[in-house]
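Asks: Output the structure for:
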Amino acid sequence: MSETLETLQDYYKRLSHLHTNSGDILDVELGKSHFNISPRKYCDFKTPYNRRDFYKISLILGKGWFKYGQHELYIDRPALFLPALNIPYTWVCDTNKQEGYFCLFNQEFFSGSQTFEPFKKTSLFKEWSKPIIFLDEEQLHLITTLFDNMFRLNNSSYPLRCSAIKSNLAAILHLALEWRMEDVELQDQSGSIRMYRLFDELLHKQFPLDSPAYPLALHTAADFAARLNVHVNHLNASVKSVTNQTTTQIIKQKIYEEAKNLLIYTDWNVAEIGYTLGFDEPAHFNNFFKKNAETSPLKFRQKNK
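Replies: Next comes the predicted model:
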């Protein structure tokens, strides 16, 4: 079974007949924060076996099969589905009656908010976590209420609806962590996933940064390889095989996310932020930030502070 990477743009083209809301919170331009939510009443078809470049959480009320990576699972009772971005999956309905919700959001929505910062150090949305949580009656009531709230807010004109949606989504993620089944044991994973997991845990342990007095210790692929006691080529090959990204791309993405947070939520000057993130010269940090944000750190702070 072949797989490709489905982007948000691909998704909306494929299901253009189901989505007509074009509010500012649903702007799917590259680099824009994006969130959407829909009922599952139209989910009585087979979805393509793809990786996604966006997060998707589904409340599933209806029977069907998931093929998730190399695993197959039959869903016959209420379930919460939280897949990893890098694992291809497909859903095939077993009955025509399909209810519940699904919400989707991109990296900018998830990474651009302090609300979700605690979840980045957890196993949620990771390749080694089990993606299905079966729900009892009480759990189903709690989760349904939160999805109802997000759906109502997403279709309202409330000025703070984006913040309110994030609060409800964070509540869902907290419940998922509280209820979730045990993750796949380290020894039961492939060598590439084991290596990527160790790298991912080491990367996220460094953040958030607390003071310019304690700059980022590991900021290159070679730094991480040395700490993990492996050759950098082995680390790069493992990370690439799991995520379809290079080790350097993932590190730079995390540094960029932290740069935005430090500019918004601290009073450190730009030079201090750059030094703390591992840039020896302020000009190097300015160039790095402008390449990613298409604006200078100072202008970004003025706009978002």
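
Asks: which regions of the chain sit below the pLDDT cut-off?
Replies: Applying pLDDT under 70 to the chain flags residues 1-3, 16-31, 42-46, 181-189.

Asks: Domain-wise, how is it divided?
Replies: For the chain, the structural domains run 5-184, 191-304, going by the TED database.

Asks: could the ones you listed go into CSV alongside mean neighbour count?
Replies: In this view, the C-beta of every residue, glycine as well, is placed from N, C-alpha and C. Converted to CSV, these look like this (neighbours: other Cβ atoms under 10 Å):
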stretch, mean neighbour count
domain 5-184, 16
domain 191-304, 17
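
Asks: residue boundaries of the strands in this protein?
Replies: Assigned by DSSP state E, the strands in the chain fall at 5-6, 35-39, 51-52, 55-61, 64-68, 71-75, 79-81, 89-93, 99-105, 132-134.

Asks: Can I get the fifth one in CSV, CA atoms only?
Replies: In this case it means strand 64-68. Output of strand 64-68 as CSV, limited to C-alpha atoms (Å, rounded to 0.1, in the frame of the first residue of the first chain):
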residue,chain,number,x,y,z
GLY,A,64,-14.9,0.4,11.4
TRP,A,65,-11.2,-0.6,10.8
PHE,A,66,-8.1,1.5,11.2
LYS,A,67,-4.9,0.6,9.4
TYR,A,68,-2.3,2.5,11.4
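
Asks: How about residues contacting that strand?
Replies: 1, 49, 72-75, 81, 83, 87, 89-95, 98, 131-132 (Cβ atoms under 8 Å, 6 or more residues apart in numbering).

Asks: One more: stretch 257-266?
Replies: The contact list for stretch 257-266 (Cβ under 8 Å, 6+ apart) reads 111-112, 114, 117, 207-209, 268, 270, 273, 276-277, 285, 288-289, 293, 297, 300-301, 304-305.

Asks: run the last query once more with 6 Å
Replies: If you take Cβ atoms under 6 Å, 6 or more residues apart in numbering as the criterion, stretch 257-266 is touched by 111, 207, 273, 277, 289, 297, 300-301, 304.

Asks: which ones among these are found in helices?
Replies: Counted as lying in helices by DSSP state H, out of the contacts of stretch 257-266, are 111, 273, 289, 297, 300-301, 304.

Asks: can you tell me how far the nearest residue to residue 132 once chain neighbours are set aside sits from residue 270?
Replies: Nearest residue to residue 132, sequence neighbours excluded (Cβ to Cβ, 6 or more residues apart in numbering): residue 79, at 5.4 Å. Counting by Cβ to Cβ, to the nearest Å, the separation of residue 79 from residue 270 is 47 Å.

Asks: Residue 276 now?
Replies: 11 Å.

Asks: for residue 40, same thing?
Replies: Residue 40 sits 46 Å away from residue 270, going by Cβ to Cβ.

Asks: Also residue 97?
Replies: Applying Cβ to Cβ to residue 97 and residue 270 gives a distance of 56 Å.

Asks: Same check on residue 206?
Replies: As judged by Cβ to Cβ, residue 206 and residue 270 stand 20 Å apart.

Asks: Ok, residue 70 next?
Replies: In terms of Cβ to Cβ, residue 70 sits 46 Å off from residue 270.

Asks: One more: residue 58?
Replies: 41 Å.

Asks: can you check residue 76 too?
Replies: Residue 76 is 55 Å from residue 270, by Cβ to Cβ.

Asks: try residue 83
Replies: Applying Cβ to Cβ, the value for residue 83 to residue 270 is 38 Å.

Asks: got it, and residue 52?
Replies: 35 Å.

Asks: now residue 213
Replies: When residue 213 is compared with residue 270 (using Cβ to Cβ), they lie 17 Å apart.

Asks: correct me, but the residue nearest to residue 132 touches residue 60?
Replies: Yes. Residue 79 is within contact range of residue 60, at 4.7 Å (criterion: Cβ atoms under 6 Å).

Asks: you'd agree residue 5 is up against residue 52?
Replies: No. Using Cβ under 6 Å, residue 5 is not in contact with residue 52; the gap is 7.4 Å.

Asks: OK, contacts around residue 143?
Replies: Contacts of residue 143 (Cβ under 6 Å, 6+ apart): residue 59.

Asks: Same question for the one 10 residues further on.
Replies: For residue 153, the contacting residues are 161, 164-165, by Cβ under 6 Å, 6+ apart.

Asks: Show the residue spans covered by the helices in the stretch 51-200 of the chain.
Replies: 107-111, 137-154, 161-179, 191-205 (DSSP state H, counting those that start in this stretch).

Asks: how about these, which one is nearest residue 232?
Replies: Smallest distance to residue 232 across those (Cβ to Cβ): 11.2 Å, for helix 191-205.

Asks: and that closest one, what does it pack onto?
Replies: Using 3 or more Cβ pairs under 6 Å, 6 or more residues apart in numbering; DSSP states H and E, the elements in contact with helix 191-205 are helix 232-243.
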